[in-house]
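Visitor: No sequence on hand, only this structure:
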DNA sequence: CGTCTTTGTCCACTGAGTGGAGAAAGTGGG
DNA sequence: CCCACTTTCTCCACTCAGTGGACAAAGACG
């Protein structure tokens, strides 16, 4: 199939494309109910979408008791590639134009191997998805990387955990390799977009997404759009001081949140506890696996291990303290907790909630849900697809 | 003079009004250079503004070497009232349509006396300004109050330092009393608007304004617009924990920034230092004045008093620590420090800068100016005028 | 005094969008 | 089965904001 190169010619068409993306197949009449255009105008714009191939007619619509109407849907052959590059693994997924995941692969990987090696792997994963018959090509791709990005250019800037990526033209390079438009963003921002599109944040306009993985980051959504800050580093909360004169951090300061609680810090703490004999559960896991990770702590906690539970609670308190500050400052309508450490589940959530509800003022917390993300590991790739579709479904 | 009741009929007129407000008198041709409209269309819209009396012709424009052009300016009879209600004083000012201050009064007052008493005072101050010939009436008024506001309705919600104001229909009541449209906002947001309109933040789109007065608050500007949060309490950073297990705060928690550094806290600390004999300078000032305020500490510091300097430095450190967190999170393009405590000047600023530059990541601080506000006590009233003018200069 | 430039005015034309008339295609009651 | 009613689609004349070119007015400059 030849890839789509058409773009909406005006704001009306862009609007319609987004409605079709978010609401699935719709009849002309249903579309008309949502866009406030005269039927004539609507018909013209829909016809143009059909002509350009962006949308197609698709059978009869459910009857509402009158002349039968044909459904319009986005071209079912459209394919987006969503790539979520984490610190230690990559997710690659294919979606259709409605951003439904058709295929999803996750592989371990180390970002520090540099962009060339990583992209080789990403491309081979994309090729595998294509080979399995899910796509004959991609109409666009969204990429998330674990560090700040100069968004307009799609270039990582001074990323702490991925040296070697600084200034690498990710967008340019991938666009070349894949032969389609590419957008690049911070992984946390994409997670926020994902939860906004298909997760818990569908109806909220101002919210925060805190991702606790190898590091800690925060996606900020203001007025329905991702806020990236002046230099693209907004949401970089891992290096907010959580403990005065606390542990030394890789960034050179002491007491950073990330140094006290994150996937990496948690694994270190667990190892120490196991070695010092403070937890039989963790020690036995260490012996079995040869190493400990956040997942081991989660399992130990689930098994009722007191030390593991303490580690989670203490980390939750620290995180909650920082989030409480952000809540006072930002007054969001929702806080979403996500990332690899989400496996710690409700113990973690309870600790965070306790801190936030205790430390922030009632006006800010009164109606503030603090919840776990709904999409788990797919949030990033859905957000990536959403990013590129937002771009492609806007007037050129 | 009869008050203006006209409003711009469309977005073009609104745009023109704002250009005239921000750029002063302009010829039709100069306006044309800025709005990207055909000369014909521009002429039509300008004529309508002249017809409705919102703008007037005003002499000949400076020649650019061709047919001479008449200047257009906003009606010089338009008057806005800016009111900035602080915890312990009120500022009331009259501006013209270009938001230049024509008259400004400041009086001490206690917000806790409640809205009725305060408004009585505000109205009498407004009457005094009117009586002095500066205005025959007001075309609109902006009001800032020291607490969170449900912005669309112009009603304070759960304001900690002004009990008795909760739910009071400020906008409604003042609109009745003054006989003109009124908009209400948090005082810090107005300060941000003021610095954006006429101060240090004219060219920045994302910035923070930290106001250190009786309490501590923060104005947040995102994409050129004030961000108010879900319930209007965004920027309420006074109750972020700055010192773990620190001083008890009126809010019920311990270690809040406001409990450790603010006009009120500083005065308490100074009093203690004077009574304990740790500062001869402060003690003598206490004896002379009978009480101590932030201004006394500023004076003592200027005189070289070590204890006063320490108080300022320690407060600056605390504040800087909190701001460092906000900078990491928000990645602003500028941080403005303002409020009553600004008198502490560069000692304070240096302490804050040190903390922020040390604790936040280079990417966020690399090009981040941290400066004192430019407008001092007029920032609030200018922001108030700006608020109502933005409202009135938008299509109805 | 004539030429060039800037500014203001007029007007025919374009193109997006509207809203009503009517046809097409369904539902449901008698 | 027929008829009244509803929903959907299509067509078309009409409105209206806005454009851009022609021309006039008014100055600068050599």
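Guide: Yes, it's here. None of the values given here were measured: they were computed from a predicted structure. Residues are numbered from 1 along each chain as shown, chains lettered A, B, ... in the order given.

Visitor: Could you verify my assumption that residue A:166 touches residue A:150?
Guide: No - Residue A:166 lies out of contact with residue A:150 (C-beta atoms under 8 Å); the separation is 10.7 Å. Yep, even glycine has a C-beta here, placed from its N, CA and C like the rest.

Visitor: Now the common contact residues for these two.
Guide: Taking C-beta atoms under 8 Å, 6 or more residues apart in numbering or on different chains as the criterion, residue A:166 and residue A:150 both touch A:156, A:157.

Visitor: so is residue A:259 in a helix, a strand, or just coil?
Guide: helix (DSSP: H, G, I helix; E, B strand; the rest coil).

Visitor: which residues does it contact?
Guide: A:246, A:247, A:248, A:249, A:250, A:265.

Visitor: Now name the helix or strand holding the fifth one.
Guide: So that's residue A:250. Using DSSP states H and E, residue A:250 sits within no helix or strand.

Visitor: okay, residue A:166 and residue A:150: which has more neighbours?
Guide: residue A:150 (17 against 14; other C-beta atoms under 10 Å in any protein chain shown).

Visitor: Name the residues linked to that one by a beta bridge.
Guide: Beta bridges link residue A:150 to residue A:155, judged by DSSP bridges.

Visitor: show me the contacts for it.
Guide: A:156, A:157, A:231, A:232.

Visitor: pLDDT at the second one, what is it?
Guide: Right, the one you point to is residue A:157. pLDDT, residue A:157: 94.

Visitor: Backbone dihedrals for it, please?
Guide: phi -120, psi 120 (degrees, to the nearest 10).

Visitor: quick one, what contacts the closest residue to DNA strand D within chain A?
Guide: Residue nearest to DNA strand D within chain A: residue A:66 (1.8 Å; C-beta to the nearest atom of the strand). Residues near residue A:66 by C-beta under 8 Å, 6+ apart: none.

Visitor: for residue A:297, what are its contacts?
Guide: By C-beta under 8 Å, 6+ apart, residue A:297 lies in contact with A:266, A:267, A:270, A:282, A:308, A:311, A:312, A:344.

Visitor: how far away is it from chain B?
Guide: Using C-beta to the nearest C-beta, to the nearest Å, we find residue A:297 at a distance of 25 Å from chain B.

Visitor: Name the helix or strand for that residue, please.
Guide: Per DSSP H and E, residue A:297 falls inside helix A:294-302.

Visitor: residues of that helix that come out buried?
Guide: Neighbour-count burial for helix A:294-302, counted by 16 or more other C-beta atoms under 10 Å in any protein chain shown, picks out A:294, A:295, A:296, A:297, A:298, A:299, A:300, A:301.

Visitor: Could you single out the nearest of those residues to residue B:368?
Guide: Comparing the buried residues of helix A:294-302 against residue B:368 with C-beta to C-beta places residue A:294 closest, at 33.6 Å.

Visitor: Please name the residues that touch the closest one.
Guide: Listed by C-beta under 8 Å, 6+ apart, the contact partners of residue A:294 are A:263, A:266, A:267, A:340, A:341, A:343, A:344.

Visitor: what's the pLDDT at it?
Guide: You'll see residue A:294 listed with a pLDDT of 82.

Visitor: My reading is that residue A:94 lies in a strand. Confirm?
Guide: Yes - counting by three-state DSSP, residue A:94 is part of a strand.

Visitor: Look up which residues are beta-bridged to it.
Guide: Beta-bridge pairing for residue A:94 (DSSP bridges): residue A:81, residue A:103.

Visitor: ok, it to residue A:227 distance?
Guide: Distance of residue A:94 to residue A:227, given as C-beta to C-beta, to the nearest Å: 29 Å.

Visitor: for the stretch 1-150 of chain A, which spans come out with low pLDDT?
Guide: Low-confidence segments of the stretch 1-150 of chain A (pLDDT under 70): A:1-2, A:4, A:65.

Visitor: Contact partners for whatever residue of it ends up closest to chain B?
Guide: When scored by C-beta to the nearest C-beta, the stretch 1-150 of chain A has residue A:148 as its residue closest to chain B, at 5.9 Å. Listed by C-beta under 8 Å, 6+ apart, the contact set of residue A:148 reads A:156, A:157, A:158, A:159, A:186, A:231, A:232, A:233, A:236, B:363.

Visitor: What is the nearest of those to residue B:73?
Guide: Closest to residue B:73 out of the contacts of residue A:148 is residue A:231 (39.3 Å), distances taken as C-beta to C-beta.

Visitor: still on that earlier bit, PyMOL command for the buried members of the contacts of residue A:150?
Guide: Per 16+ other C-beta under 10 Å, the buried members of these correspond to this PyMOL selection:
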select buried, chain A and resi 156+157+231+232
